[in-house]
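Novice: All I have is the shape, not the residue letters:
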Ligand SMILES: Cc1cc2nc3c(=O)[nH]c(=O)nc-3n(C[C@H](O)[C@H](O)[C@H](O)COP(=O)(O)OP(=O)(O)OC[C@H]3O[C@@H](n4cnc5c(N)ncnc54)[C@H](O)[C@@H]3O)c2cc1C
């Protein structure tokens, strides 16, 4: 029986494993194995909501083992560290417990067809001090770490305000960079930076309701820093202006044409030597694939470590190895790269699934074409703006408000439908609605 191994169970990889599990695994036509470094999957575009506590990762995450059992594929937890094209095998790093004791030794898994879908991470462009002092939003663990630090800051803020009135002496305490204010700086004004900025004001309002003292917009200062001359560079000027206006109304200090050259423990230094002080700093500027792709037996990679693929999504040097999603480099007909976005990962998973079936049946493989259906940016509950593209709207159409929000949420629903089918997705929607009555409006622990 042919063995298909998919490494990386994210927006693209988990949809592909589910599709091939249904088509091949369940019918015992092939063995489908999904490998991921984590035990659960959380759709990456939700990470900024996890970071601010607007979304509970425990409720939203999908267990790989349970999903594999229900959808006809196998799951192995592991971190890929290398591959051998002659042996047709991948190597997974040993798994240790939190004390460093060995749980699972280094392993090899053989494959007949391999799909690499290990995503990407933030690109700090080797800027001094960034990896030590800034938080990246690349994984649920990092988003949860941000949330923990954010809650601690609000706790400190509430305590400071109490002390001002009670005048209690404290021997040693952590200082906020500005008295009676929480400063958060975000580098990168793409969708992640813009959405996170708005979510922070939403979180601040909820935290006030949940007993963290009187917090209004004047107590929180979010600085959004962008090296380019505009925020959301991929979007039209009309959307950029609408988003800019909304961010200003919330109180976000938007700094364009500002390049960060260094990060220290509590500040960012600009190319003009200005110091932007912050209690918490997030780096959300640009992406690159993991360095691990350099250990993939000479497969061609580009300058940001993405694997070069042909239009059938096969890697340029090996027809039996596919790459999809953020870790794949492919140029569109107009010469622009397929963007690192969830809709691209979703479309690539669909084409890759069909091409693997074709490869097994000795049929010709189809070329992948990326269809940009537009971009939407959610400014938390305050607003949603974006544009729709495609045949339906004949060109590009700008949308805002409730319709925009509905379509924004639909992208996640499409991912859920690919994983769970329509009926279960409808149940998830219902459970989400019920949870808004049963559970707190934000995750507080
Ligand atoms: C905060 C945020 C907001 C975003 N918002 C949007 C949005 O609104 N719209 C949009 O279109 N896109 C958005 N994106 C981009 C989108 O999330 C990605 O383009 C998409 O997730 C890429 O899918 P993927 O399958 O390639 O990778 P991912 O979804 O990142 O999945 C990669 C998987 O590989 C696993 N993995 C990584 N390395 C290894 C390894 N060495 N061994 C084993 N497993 C490994 C990871 O655990 C993960 O499960 C956002 C991204 C972020 C960070």
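Specialist: Perfect, I can see it now. Fair warning: this is a prediction, and the values are worked out from it, not measured in the lab.

Novice: Please name the nearest non-neighbouring residue to residue 124.
Specialist: Using Cβ to Cβ, 6 or more residues apart in numbering and skipping the chain neighbours, the partner closest in space to residue 124 is residue 130 (4.1 Å). Bear in mind the C-beta positions are built from the backbone N, C-alpha and C, glycine included.

Novice: Look at the one you found and report its pLDDT.
Specialist: pLDDT recorded at residue 130 is 97.

Novice: One more: residue 274?
Specialist: Model confidence at residue 274 (pLDDT) stands at 95.

Novice: for residue 343, same thing?
Specialist: At residue 343, the pLDDT value in this model is 91.

Novice: buried residues in the helix or strand containing it?
Specialist: Using DSSP states H and E, residue 343 falls within helix 342-360. The neighbour-count check on helix 342-360 (16 or more other Cβ atoms under 10 Å) flags 342-357, 359-360 as buried.

Novice: Keep only these that also lie close to the ligand.
Specialist: 342-343, 345 (Cβ under 6 Å from any ligand atom).

Novice: How far away from the center of its chain is the helix or strand harbouring residue 144?
Specialist: Assessed by DSSP H and E, residue 144 sits inside helix 140-166. Distance of helix 140-166 from the chain centroid (Cα atoms, centre = their mean, to the nearest Å) equals 24 Å.

Novice: so does it get close to the ligand?
Specialist: No - using Cβ under 6 Å from any ligand atom, helix 140-166 stays clear of the ligand, with a minimum separation of 7.7 Å.

Novice: quick one on the thing from earlier: residues contacting the residue nearest to residue 124?
Specialist: If a contact means Cβ atoms under 8 Å, 6 or more residues apart in numbering, then residue 130 has 124, 260, 263, 283 as its contacts.

Novice: Need the max-distance pair from the residues you listed.
Specialist: 124 and 260 (9.5 Å; Cβ to Cβ).

Novice: In terms of neighbours, single out the busier of those two.
Specialist: Between residue 124 and residue 260, counted using other Cβ atoms under 10 Å, the more crowded position is residue 260 (27 against 19).

Novice: didn't that one look like it was pressed against residue 273?
Specialist: No - when contacts are counted by Cβ atoms under 8 Å, residue 260 is not listed as touching residue 273 (11.7 Å).

Novice: mind listing what the closest residue to residue 266 other than its chain neighbours touches?
Specialist: Once flanking residues are discounted, residue 266 sits nearest to residue 177: 5.5 Å by Cβ to Cβ, 6+ apart. Going by Cβ under 8 Å, 6+ apart, residue 177 touches 183, 266-267, 277-279.

Novice: Which single one of those is nearest to the ligand?
Specialist: For the contacts of residue 177, the residue nearest the ligand by Cβ to the nearest ligand atom is residue 278; the value is 18.6 Å.

Novice: Please enumerate residues in contact with stretch 428-442?
Specialist: Contacts for stretch 428-442 (Cβ under 8 Å, 6+ apart): 52-54, 56, 59, 203, 206-207, 209-210, 413, 416, 420.

Novice: So out of everything in the stretch 1-150 of the chain, what residue is nearest the ligand?
Specialist: Closest point on the stretch 1-150 of the chain to the ligand, by Cβ to the nearest ligand atom, is residue 10, at 1.7 Å.

Novice: burial measure for that residue, as a count.
Specialist: 24.

Novice: picking that back up, pick the one among the ones next to the ligand among the buried residues of helix 342-360 closest to residue 224.
Specialist: residue 342 (21.9 Å).

Novice: which residues touch that closest one?
Specialist: So residue 342 contacts 11, 43-45, 411, 415 (Cβ under 8 Å, 6+ apart).

Novice: Which one of these sits in the busiest neighbourhood?
Specialist: Within the contacts of residue 342, most neighbours by other Cβ under 10 Å means residue 11, with 28 neighbours.

Novice: Leaving out chain neighbours, which residue sits closest to it?
Specialist: That would be residue 345: by Cβ to Cβ, 6+ apart, it lies 4.1 Å from residue 11.

Novice: hey, where'd the helices end up in this protein?
Specialist: For the chain, helices defined by DSSP state H occupy the ranges 13-20, 47-52, 57-60, 64-71, 130-133, 140-166, 191-209, 237-250, 342-360, 401-438.

Novice: from those, which stretch is densest packed?
Specialist: The highest mean neighbour count among these, using mean count of other Cβ atoms under 10 Å, belongs to helix 13-20: a mean of 28.
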